[in-house]
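1. could you work out the structure for the sequence below:
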Amino acid sequence: AARVLSGKLPKDALKDKLVLVGATAVGIFDLRVTPFSGICPGLEIQGTVLDNILRQDFIYTPANPFLTTAGIILAVGLIFGFLLPRFGAVGAIGLTLVVVLAYIAMNFLVFRYFGLQLEVFYPTLEMAAVYTGVTLQRFLTEERERVRIKKAFQSFVAPEVVNQIIRHPERLRLGGERRELSILFSDIRGFTTLAETMEPEALVEVLHGYLNPMSEIVVQHGGTLDKYIGDAIMALFGAPLEQPDHGERACRTALEMVQKLRELDREWLEQGWPALKIGIGINSGLVSVGNMGSNRLFDYTAIGDNVNLASRLEGLNKHYGTEILVAASTVQHVGPDFLFREVDLVRVKGKKHPIAIYELLGQGEPAGKPARFLELYHEGLARFREGRWGESIEAFQAAAAINPQDALCVHYLQLSQKYAEKPPGLDWDGVTTMLEK
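-> Reported below is the predicted structural model:
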């Protein structure tokens with residue numbers, strides 16, 4: 001530039017060339033801001049413009065920038081709207097970051113090699129907006145699901161069970177699953193007769209006074225109140241959350257229910273109300289358990305043969321004069337802490353094969369007279385099944401002398417005396433067949 005101004009440059013040195021001459025000093029205020037530098041001389045900018053023109057190296061924009069940008073935004077929105085709901089929280093944010101970075105990198109490469117400038121701000125803003133919207137929608141949906149589950153279960157199971165269900169709502173899917181659990185049925189004896197003799201208001205008060213504490217006992221032992229059937233209670237142990245000790249929980253619940261009823265009877269007798277008696281049936285086994293209702297009406301319950309058997313056992317208490325009847329499957333499931341006595345081999349209606357049923361008497365080992373009573377009872381039962389009627393009568397008479405109020409002992413004593421007078425046929429196998437449910 002100095003040689004041009006001083007005239008020392010040969011005349012043909014710049015022939016057919018474009019030359020820009022200017023100053024770059026800071027003091028002349030010809031410094032500009034560019035995307036690459038905050039301080040760029042205006043002369044350099046003009047030179048770059050000329051170079052781009054000569055080399056035909058331009059920055060291009062789409063023919064219709066608005067439609068192109070709108071198309072990108074629409075495509076990104078559809079893709080994100082389809083993919084994000086299928087990922088979890090961590091996967092969704094990871095996908096969003098990957099796509100945003102990939103779009104920016106693609107935009108750079110297109111600009112670098114093809115000189116095409118695409119919109120960056122609005123598509124990336126839309127990605128963030130779609131992610132935020134999907135996350136918010138997921139949060140609101142999960143919150144509604146938590147509220148729905150809590151409303152459905154908070155009155156039927158313990159609070160800690162509700163909290164675990166909320167953390168794992170997938171366990172409540174519509175249709176159910178196969179699972180081993182214990183089912184408990186309880187029913188008030190003679191409730192129909194009681195309803196005929198009491199005023200409706202008093203009957204409702206008695207029923208509430210009975211169901212409230214019994215339901216609380218079920219919940220305290222981790223059970224699920226399946227449903228009320230009039231004065232009957234159906235409870236599940238081992239669902240919706242798995243409980244390896246579901247048999248023990250059901251047995252403890254039954255014992256506490258019987259004990260609580262004795263306390264209530266004393267209070268009701270003082271008020272002039274009749275005393276109540278209940279029968280309880282417990283069975284353990286595989287059932288189908290889950291939401292058997294619909295998308296509109298939630299109905300968490302269990303169905304299957306083992307549920308029906310538990311109900312039949314509850315009804316058999318009337319036949320044997322017992323309070324708690326338990327299937328052999330439950331007896332095998334629980335530990336040695338519970339005291340059982342064998343009741344009978346029963347072929348219930350609808351079943352071909354007999355099952356052994358037991359009466360749950362309590363917890364712990366018997367001693368003294370109770371131990372002697374059970375010894376005589378089991379001896380009498382063994383002689384009864386062998387058809388040795390005289391010996392069974394002696395054993396049951398000795399047992400009845402210790403506990404004359406035992407209805408089961410009296411039942412077998414009378415049956416032994418009947419068979420002693422008129423023995424059963426040769427096809428008698430010691431199994432009691434129930435013709436009614």
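2. from the chain's centre, how far out does whichever strand or helix holds Ala401 sit?
-> Using DSSP states H and E, Ala401 falls within helix 389-402. In terms of C-alpha atoms, centre = their mean, to the nearest Å, the centre of helix 389-402 is set 51 Å apart from its chain centre.
3. so which bits of it are buried?
-> Residues of helix 389-402 classed as buried by neighbour count (16 or more other C-beta atoms under 10 Å): 389, 391-396, 398-400, 402. For the C-beta atoms, the positions are set from N, CA and C on the backbone; glycine is no exception.
4. can you pull the contacts of Ser329?
-> 283-285, 306 (C-beta atoms under 8 Å, 6 or more residues apart in numbering).
5. just to be sure, Glu142 is in a helix?
-> Yes: membership of Glu142 in a helix is supported by DSSP: H, G, I helix; E, B strand; the rest coil.
6. which single one of the buried residues of helix 389-402 is nearest to Ala63?
-> Comparing the buried residues of helix 389-402 against Ala63 with C-beta to C-beta places Ala399 closest, at 103.5 Å.
7. could you find the closest non-adjacent residue to that closest one?
-> Spatial nearest neighbour of Ala399, excluding adjacent residues (C-beta to C-beta, 6 or more residues apart in numbering): Leu376 at 3.8 Å.
8. about what we covered before: among the contacts of Ser329, which are in strands?
-> Taking DSSP state E, the ones among the contacts of Ser329 that sit in strands are 283-285.
9. now the helices for the chain?
-> Listed in chain order, the helices of the chain (DSSP state H) span 2-6, 42-55, 65-83, 89-114, 121-153, 159-167, 191-197, 200-220, 246-270, 305-320, 328-333, 369-385, 389-402, 407-421.
10. could I get the ones you listed as TSV with distance to Thr432 and mean pLDDT?
-> Putting these into TSV (distance: least, C-beta to C-beta, whole Å; pLDDT from 0 to 100) gives the following:
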stretch	distance to Thr432	mean pLDDT
helix 2-6	125	71
helix 42-55	104	83
helix 65-83	64	85
helix 89-114	59	86
helix 121-153	39	77
helix 159-167	38	60
helix 191-197	25	81
helix 200-220	29	90
helix 246-270	22	94
helix 305-320	8	94
helix 328-333	15	94
helix 369-385	11	95
helix 389-402	15	95
helix 407-421	9	94
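11. which one of those lies closest to Tyr358?
-> helix 328-333 (5.2 Å).
12. in that closest one, what's buried?
-> 328-331, 333.
13. residues in contact with stretch 31-41: which ones?
-> Contact with stretch 31-41 is made by 22, 24, 30, 42, 45, as judged by C-beta under 8 Å, 6+ apart.
14. centre of the chain to it, how far?
-> With C-alpha atoms, centre = their mean, you get 63 Å for stretch 31-41.
15. which residues belonging to it are considered buried?
-> Residues 31, 40-41 are the ones in stretch 31-41 that count as buried (16+ other C-beta under 10 Å).
16. do stretch 410-426 as well
-> 410-413, 415-416, 419.
17. now stretch 128-144
-> 130-131, 134, 138.
18. again with stretch 427-437
-> Buried-residue list, stretch 427-437, by 16+ other C-beta under 10 Å: 432, 434.
19. which outside residues touch that stretch?
-> Here stretch 427-437 has contacts from 311-312, 315-316, 319, 344-349, 354, 384-385, 387, using C-beta under 8 Å, 6+ apart.
20. chain center to it: distance?
-> Between the centre of stretch 427-437 and the centre of its host chain there is 40 Å, according to C-alpha atoms, centre = their mean.
21. now do stretch 330-341
-> The chain centre lies 28 Å from the centre of stretch 330-341; the measure is C-alpha atoms, centre = their mean.
22. try stretch 360-373
-> With C-alpha atoms, centre = their mean, you get 39 Å for stretch 360-373.
23. can you pull the contacts of the closest residue in space to Gln417 that isn't next to it in sequence?
-> In this structure, Gln417 finds its nearest non-sequential neighbour in Ile393, 6.1 Å apart by C-beta to C-beta, 6+ apart. Contacts for Ile393 (C-beta under 8 Å, 6+ apart) come out as 380, 413, 416-417, 420.
24. now do 7 Å
-> Applying C-beta atoms under 7 Å, 6 or more residues apart in numbering to Ile393 gives the contacts 413, 416-417, 420.
25. alright, that wraps it up for me.
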